[in-house]
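# Predicted model and sequence below, questions to follow.
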Amino acid sequence: MPRPIEDLALIGDLQTAALIGSDGSLDWLCLPRFDSAACFAALLGDEENGHWRIAPKDANACTRRAYRPDSLVLDSEWDTEDGSVRVTDFMPQRDRAPDVVRIVEGLSGRVTVRSTLRLRFDYGSVVPWMRQVDGHRVAVAGPDSIWLRSEPAVHTWGHAYGTHSEFTVEEGEKVAFVLTWHPSHEPRPALVDPYEALEHSLVDWRAWTARCHYEGPHRDTVIRSLITLKALTYAPTGGIVAAPTTSLPEEIGGVRNWDYRYCWLRDSTLTLNALVAAGFLEEAEAWRDWLLRAVAGNADDLQIVYGLAGERRLPEYEVDWLPGYEGSRPVHVGNGAVDQLQLDVYGEVADSLYLARKAGLHSRPHAWNLQLSLLQFLRENWRAPDKGLWEMRGPDRHFVHSKVMAWVAADRAVRTLEEQPDLRGDIECWRELRDEIHREVCERGYDAERNTFTQYYGSTELDASLLLIPRTGFLPPDDPRVIGTVDAVRAELDHHGLMLRYTSAGNTVDGLPGEEGTFLVCSFWLADALHMTGRTKEARELFERLVGLCNDVGLLAEEYDPVSDRQLGNYPQAFSHIGLVNTALALYGADARD
Ligand SMILES: OC[C@H]1O[C@H](O[C@H]2O[C@H](CO)[C@@H](O)[C@H](O)[C@H]2O)[C@H](O)[C@@H](O)[C@@H]1O
C-alpha cells in the first residue's frame, strides 16, 4: 500500500530534515545538508532505496502521534495486544555532526520492538560496508560514514544488506538509538547523550516559539506552520529552502516533479515576511546577510534561486535509478529554473527589505545599495517578457503579476526614501518608473470587457497570482477592477472550492504535459483577497477549510487534490505554510479588521 504524502511527519536540525511515516519508518533524509544526496530515499522508491523503521514487531501504523507542544519533537505511540510503546524522534540542533535520535519507551505491558536499518547512500543507490567498532555499527561508502549505537546496547545483526535488532521494553524501560553522520575520512565525532539532547531540543524550540505574537484561533496550527518554516532555514548561512524534498509529484504518475531543496528569493522572502509579521526578527537579519553574500557582484547576474550557501550552479539532472513516488518519474536533482528571468523576485526582495526595516531591523548600507542596483537593472529590463512566478517552462510572456511586482520594487524604494531621510537615492527617477509601470499594466494587463486583470498582456487566461494585487498596494482593495479580478479568478480557477494557480489542462502556457492539483497558497491568497474586499465571513470559512487540510501533525504539501483528498507536491512546503500564517494574522492577528 503506497504511503500518502500526508502520512509523513517532519523532524530536523536546521541544516537538514527527515520524514517519518506513521508506521515508524524514516523514509527520507539527506545528510549532512538539505541538498546533499539522500541516504534514506524509500520515499521515492522502496525500502531497498534506504529506510529506518522502529516499531513494535508485526505492527503497522501507530495508534496516535503528535509533536510535543511547541517543539519539533515527535512522539508516535502504538497500543498492541502486549502493551503500549512510544518512539520519540528528533534531530538535536547540531554541534558538529548531524544526529537522528530515536528513543523507544515502554508505556505498559511488555512489547517486542524491531529496528530495521537499510542505509543506501547517494539517493538510494550505494550499499555501504557495515562493521562493528567498539560496540557500534559503522557504515562506510565513499565520502559518507554513519555510526549507529544504542543505549543500552541491544543485540544487532546483519541480514540482506540491512541491520536489524529486536528487543523488549516494559513500562518505564527505554532504549535510545543514535545515528550519526560524518565525513568518512574524519574521526568519529563526539557522542551525544540522547536524553540531554531531548531536553535541550525541547527548551530551544519552546524558547523560540514563546516569541510568537499570535493569540487567535487555531494557534497550535499557526505555531506548527511557524516551526515548519523555521525548520526550513539552514542555520549556518541563513538561507531558507522551499521544501526539504525533491520530486514529490504535482500529479501522481506525472512528470511535474521538481527539486525544492534550494533557496528561492521568492519563497525565502515570503517566508521571512511571515516570520517577521509573527514576531521573529532574527531570521530576517540572518537571511538579509545571506542575500547580500549570495547576490554580491553584478546585478545583471541575479538568479532567482541559489544553493544553501549562495551557490550559483544547480544543474538539473534525472536520478534514473529511483522509480519515483508512486511511479512519478523523472526524479530530479538540481533545478533548471535557475537561469530563468523572473521579474517578480525584484519586487519580493524589495518588499521584504522594506518590511524588515519597518519592523526595526538594523539597517545596513549594503542592503540599500543592493536594492538600488536591483532597481537600476529593473529600470532597464522591466519591459522584457519573463517566465513569471510559476517558473513556466513555456515561452516568455508579459505576465501581469511580474509587472505588478516590478511596480512594487519601485514603490518600496520611493516609500523608503520618503520615510528614511538618512538614505540617499533619486526619488524622482523611481517615482517616474513606478508611474510608468502602473500605466502600462492598467492599459495592457486589464480586460475592460470582463472587468479583470489577465494572466499576461492580451491573454484571456487568468492567474491566481492576480489575487495578490490588493495586498501589494498597486490598487486599493475597493477599486472596481480589483473586486472584478478577485471575482473572476475565484470563478474561473475554482476546483471544488479550492484554487488552481492557472488552468493547466490543454494549456500551452506552462509548457508541460499533464495536470496538477489545486495550489494551496493560492487558496490562502483568495481568503486574504476576500477579507480585503469586505467578505470576511467567506474568508474565514475558506480558512477553516484550509486548516482542515493539514495532516494530523499540522503539515501541508504544495498542492491538494480535492477529488482524491490527497496532498501533492513537495512536502512540507514553505509557500503553503506561509499562506496559513499570513491569512491567520490577517483574519485574527492583533491588527486584524472585522
Ligand atoms: O511549475 C513548473 C515549476 O515548478 C517549480 O516551481 C514552483 O516551485 C518554486 C519553489 O517553491 C516556486 O518558487 C515557484 O513559484 C513554483 O512554480 C519548479 O521549481 C520549477 O523548476 C518548474 O519550472
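Done, it's in.

# mind listing the helices in the stretch 151-300 of the chain by residue range?
Using DSSP state H, counting those that start in this stretch, the helices assigned to the stretch 151-300 of the chain run over residues 194-209, 219-231, 265-277, 282-294.

# Phe34: which of those helices is closest?
With Cβ to Cβ, the closest approach to Phe34 among those belongs to helix 219-231: 10.1 Å. To be clear about C-beta, it is placed using only N, CA and C from the backbone, and glycine gets the same treatment.

# now that closest one, how far from the chain's geometric center?
With Cα atoms, centre = their mean, to the nearest Å as the basis, the distance from the averaged C-alpha position of helix 219-231 to the chain average is 12 Å.

# and if you look at stretch 143-155?
Between the mean C-alpha point of stretch 143-155 and the mean C-alpha point of its chain there is a distance of 30 Å (Cα atoms, centre = their mean).

# Give me the contact list for it.
Outside of stretch 143-155, the residues within contact range by Cβ atoms under 8 Å, 6 or more residues apart in numbering are 31, 39, 115, 117, 119, 121, 128, 135-139, 156, 163, 165-167, 175-185, 188, 191, 194.

# Among those residues, which ones are in strands?
Counting by DSSP state E, the part of the contacts of stretch 143-155 found in strands is 39, 115, 117, 136-139, 156, 163, 165-167, 175-183.

# May I see the ChimeraX selection of the buried members of those?
Selection of the buried residues among those in ChimeraX, burial being defined by 16 or more other Cβ atoms under 10 Å:
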select :39,115,117,136,137,138,139,156,163,165,167,175,176,177,178,179,180,181,182
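
# give the contact list for Ser125.
By Cβ under 8 Å, 6+ apart, the contact list for Ser125 reads Asn49, Trp321.

# and it, how far is that from the ligand?
Applying Cβ to the nearest ligand atom, to the nearest Å, the value for Ser125 to the ligand is 23 Å.

# what do you get for Ala41?
Taking Cβ to the nearest ligand atom, one finds Ala41 at 19 Å from the ligand.

# Check that residue and give its pLDDT.
In this model, Ala41 is scored at 98, pLDDT.

# Please name the nearest non-neighbouring residue to it.
Distance criterion Cβ to Cβ, 6 or more residues apart in numbering; nearest residue to Ala41, sequence neighbours excluded, is Gly124 at 3.5 Å.

# give me every residue that touches that neighbour.
Ala38, Phe40, Ala41, Ala42, Leu44, Gly45, Glu48, Asn49, Gly50, Trp321, Leu322.

# Give me the mean pLDDT for stretch 145-157.
Average pLDDT, stretch 145-157: 96.

# CA atoms only: put it into PDB for me.
Below are the C-alpha coordinates for stretch 145-157, written out as PDB (Å, rounded to 0.1, in the frame of the first residue of the first chain):
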ATOM      1  CA  SER A 145      30.100   7.300   7.200                       C
ATOM      2  CA  ILE A 146      27.300   6.600   9.600                       C
ATOM      3  CA  TRP A 147      27.500   5.400  13.200                       C
ATOM      4  CA  LEU A 148      24.700   3.600  14.900                       C
ATOM      5  CA  ARG A 149      24.600   3.000  18.600                       C
ATOM      6  CA  SER A 150      22.000   2.300  21.200                       C
ATOM      7  CA  GLU A 151      21.800   2.900  25.000                       C
ATOM      8  CA  PRO A 152      21.600   0.300  26.500                       C
ATOM      9  CA  ALA A 153      23.300  -1.700  23.800                       C
ATOM     10  CA  VAL A 154      20.900  -4.100  22.100                       C
ATOM     11  CA  HIS A 155      21.900  -7.200  20.000                       C
ATOM     12  CA  THR A 156      22.200  -6.200  16.300                       C
ATOM     13  CA  TRP A 157      22.700  -8.500  13.300                       C
END
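
# Any buried residues in that stretch, and which?
Residues of stretch 145-157 classed as buried by neighbour count (16+ other Cβ under 10 Å): Ser145, Ile146, Trp147, Leu148, Arg149, Ser150, Val154, Thr156.

# Then stretch 540-548?
Buried positions in stretch 540-548, judged by neighbour count with 16+ other Cβ under 10 Å: Arg540, Leu542, Phe543, Leu546, Val547.

# Name the residue of the stretch 51-200 of the chain with the shortest distance to the ligand.
With Cβ to the nearest ligand atom as the measure, the residue in the stretch 51-200 of the chain that lies nearest the ligand is Tyr123; the distance is 18.1 Å.

# wait, Ala231 sits on Gly12?
Yes: A contact is recorded between Ala231 and Gly12 when judged using Cβ atoms under 8 Å, the distance being 4.3 Å.
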